[in-house]
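[1] here is a sequence with its predicted model. Questions after.
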There are 2 protein chains.
Amino acid sequence: LANLIGIIGGTGPEGKGLAARFARAGHDVFLGSRDAERGAAAAAELSALTGNKVRGGANADAARLGQVVILTVPYEGMRTTVRDLTDDIRDKILVSTVVPLEFSRSGIRMRHVEDGSAAMEAQLVAPQARVVAAFQNLSASHLIDLDHAVDGDVIVCSDHFEATREVIELAGKIPGVRGINGGPLANAVLVESMTALLINLNRLHKAETQIRIAGL
Amino acid sequence: LANLIGIIGGTGPEGKGLAARFARAGHDVFLGSRDAERGAAAAAELSALTGNKVRGGANADAARLGQVVILTVPYEGMRTTVRDLTDDIRDKILVSTVVPLEFSRSGIRMRHVEDGSAAMEAQLVAPQARVVAAFQNLSASHLIDLDHAVDGDVIVCSDHFEATREVIELAGKIPGVRGINGGPLANAVLVESMTALLINLNRLHKAETQIRIAGL
């Protein structure tokens, strides 16, 4: 399994949460940010939290150094971010955690995405990366809480078989988490939709929900 | 809680499974079919299976007699079926278990539905019914297996508060099942999407998957 994990947009709650878990599991992690200083500051925080040295800086460095690159940016900036990094992520696994959400008065909806899903769009923008959709449905606040296992499944969708296998294994490094093969990247839209449902449930029930697949 | 449950399209696996569980829980159930004789035959089967008298016949009778009416028809026939029953289901709870699926070479996808979801479409076709989306993600083969509890959550979406409450209570009559308030009917599309994901997982893993929401 690739060791160095680069996180793009890593200073948000989801990026920090995943970085913390992977650093705790013994991976080298490089936390990228649009603002290199913020990236370095968040990395210092995570080094202290995890007891493992986390490096940080610019997104471009996370993409260049990462053997696996994880995208934790809002959907709105995804296309530009990925386009700017295409050379750095060539042939690498690019994990998309991105969900195209839309906030309306009655709740959270899925944004219509021309290419079908955020992950499909990322794959089309970076055809030479091996895009894998995963980790959309883990709660950031549970991820950062290193004293407790995470109660959630990660459904992994990709058109690259070996990449799917690696990300399933990576998911399993987070205590309590099970990585599940979710089939081709075309299925990612169904997994991204679950995020919108979970956020709606969180608001309704004042909870931090995650997903378990029963029967596997 | 309403006692007599009418099931529209009740001779399919999902309809029979729900009928079996509700009959076993002590409800009066009327199983409707497009073909009254098939409805009566399936009902006789379920009477023997559940040890509780299940009646059966035409869909129109299920709609007329049911205090709660459950729709378990394929999406393709839903609009016509609901339109033909609008007078019978006036002011009643109409539970939509319907999911608009599309089968492609690479897997199961969601059909594009102009009104947003099957349940929203049913509500627009029958504005005087109180439509509740629920039960889409319970495995029919687990439902009919009365010796075992069902390992799944039912997310209940409706714009009718009292109807939501009643259907949550109804879901709880199935051993192992938890009914969860999923908010307004606009959220139903997110729950219907889960069905497509589960069917894809079933095919990939040769399993019968269901959904659990962790953290509630």
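    Received it, and whenever you're ready, just let me know what you need.

[2] how many residues are close by residue A:27?
    20 (other C-beta atoms under 10 Å in any protein chain shown). C-betas here are computed from N, CA, C, even on glycine.

[3] what sits against it?
    Neighbouring residues of residue A:27 by C-beta atoms under 8 Å, 6 or more residues apart in numbering or on different chains: A:3, A:4, A:5, A:173.

[4] quick one: mean pLDDT over stretch A:12-23.
    For stretch A:12-23, mean pLDDT rounds to 98.

[5] would you map the strands across chain A?
    Using DSSP state E, the strands of chain A run over A:5-8, A:29-33, A:54-58, A:68-71, A:93-96, A:101-104, A:107-110, A:130-133, A:153-158, A:178-181, A:210-214.

[6] can you pull the pLDDT of the closest residue to residue A:88 other than its chain neighbours?
    Excluding the flanking residues, the one nearest residue A:88 by C-beta to C-beta, 6 or more residues apart in numbering or on different chains is residue A:63, at 3.7 Å. Note on residue A:63: pLDDT of 98.

[7] just checking, residue A:63 touches residue A:89?
    Yes: Residue A:63 is within contact range of residue A:89, at 5.4 Å (criterion: C-beta atoms under 8 Å).

[8] shared neighbours, those two?
    residue A:69.

[9] which among the contacts of residue A:27 count as buried?
    Buried members of the contacts of residue A:27, counted by 16 or more other C-beta atoms under 10 Å in any protein chain shown: residue A:5.

[10] now for the contacts of residue A:27: which two are most distant?
    Pairwise distances across the contacts of residue A:27 (C-beta to C-beta) peak at 14.0 Å, for the pair A:4 and A:173.

[11] poorly predicted segments of chain A, please.
    Residue ranges of chain A with pLDDT under 70: A:1-2.

[12] get me the contact residues on it for chain B.
    Residues of chain A lying close to chain B (C-beta under 8 Å from any C-beta of the partner chain) are A:106-107, A:109-110, A:139, A:151-152, A:155, A:180-184, A:186-187, A:189-191, A:193-194, A:196-198, A:200-201, A:204-205, A:207-216.

[13] mind giving me the ChimeraX select for those, buried ones only?
    Buried members of the residues of chain A next to chain B, defined by 16+ other C-beta under 10 Å, are picked up in ChimeraX with:
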select /A:107,109,110,139,151,152,155,180,181,182,183,184,186,187,189,190,191,193,194,196,197,198,200,201,204,205,208,209,210,211,212,213,214,215,216
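
[14] quick one on the thing from earlier: mind listing what the residue nearest to residue A:88 touches?
    Contacts of residue A:63 by C-beta under 8 Å, 6+ apart are A:6, A:8, A:32, A:69, A:85, A:88, A:89.

[15] ok, those vs chain B, which is closest?
    Distances from chain B to the contacts of residue A:63, taken as C-beta to the nearest C-beta, are shortest for residue A:89 (24.2 Å).

[16] any idea how far the nearest residue to residue A:65 once chain neighbours are set aside lies from residue A:42?
    The shortest distance from residue A:65 to any non-neighbouring residue, by C-beta to C-beta, 6+ apart, is to residue A:30 (5.0 Å). Residue A:30 is 11 Å from residue A:42, where distance means C-beta to C-beta, to the nearest Å.

[17] so the two - more neighbours on which side?
    The residue with more neighbours, out of residue A:30 and residue A:42, is residue A:30; 26 against 22, by other C-beta under 10 Å.

[18] quick check: the more buried one touching residue A:62?
    Yes: with contacts counted by C-beta under 8 Å, residue A:30 reaches residue A:62, the gap being 4.8 Å.

[19] list residues touching both of these two?
    A:6, A:7.

[20] please, where are all the helices along chain A?
    Along chain A, counting by DSSP state H, helices occupy A:13-24, A:36-50, A:59-65, A:75-89, A:118-125, A:140-144, A:161-171, A:188-205.

[21] I'd like the ones you listed laid out as TSV, including distance to residue B:50.
    Shown next, in TSV, are the helices of chain A (distance: least, C-beta to C-beta, whole Å):
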stretch	distance to residue B:50
helix A:13-24	47
helix A:36-50	55
helix A:59-65	59
helix A:75-89	48
helix A:118-125	44
helix A:140-144	41
helix A:161-171	41
helix A:188-205	32
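
[22] now do the contacts for residue A:197.
    Contacts of residue A:197 by C-beta under 8 Å, 6+ apart are B:155, B:182, B:187, B:190, B:191, B:194.

[23] if we go to 7 Å?
    Residue A:197 makes contacts with B:187, B:190, B:191, as judged by C-beta atoms under 7 Å, 6 or more residues apart in numbering or on different chains.

[24] burial of the closest residue to residue A:34 other than its chain neighbours, as a residue count?
    Closest residue in space to residue A:34, ignoring its immediate chain neighbours: residue A:59 at 6.1 Å, by C-beta to C-beta, 6+ apart. Neighbours of residue A:59 under the rule other C-beta under 10 Å: 27.

[25] tell me the contacts of residue A:61?
    By C-beta under 7 Å, 6+ apart, the contact list for residue A:61 reads A:30, A:32.

[26] do the same with residue A:126
    Applying C-beta under 7 Å, 6+ apart, one finds that residue A:126 lies in contact with A:82, A:86, A:89, A:94.

[27] measure it to residue B:141 for me?
    Taken as C-beta to C-beta, the span from residue A:126 to residue B:141 is 41 Å.

[28] before we move on, back to that, for residue B:146, which of the helices of chain A is the nearest?
    For the helices of chain A, proximity to residue B:146 was assessed by C-beta to C-beta; helix A:188-205 is nearest, at 29.4 Å.
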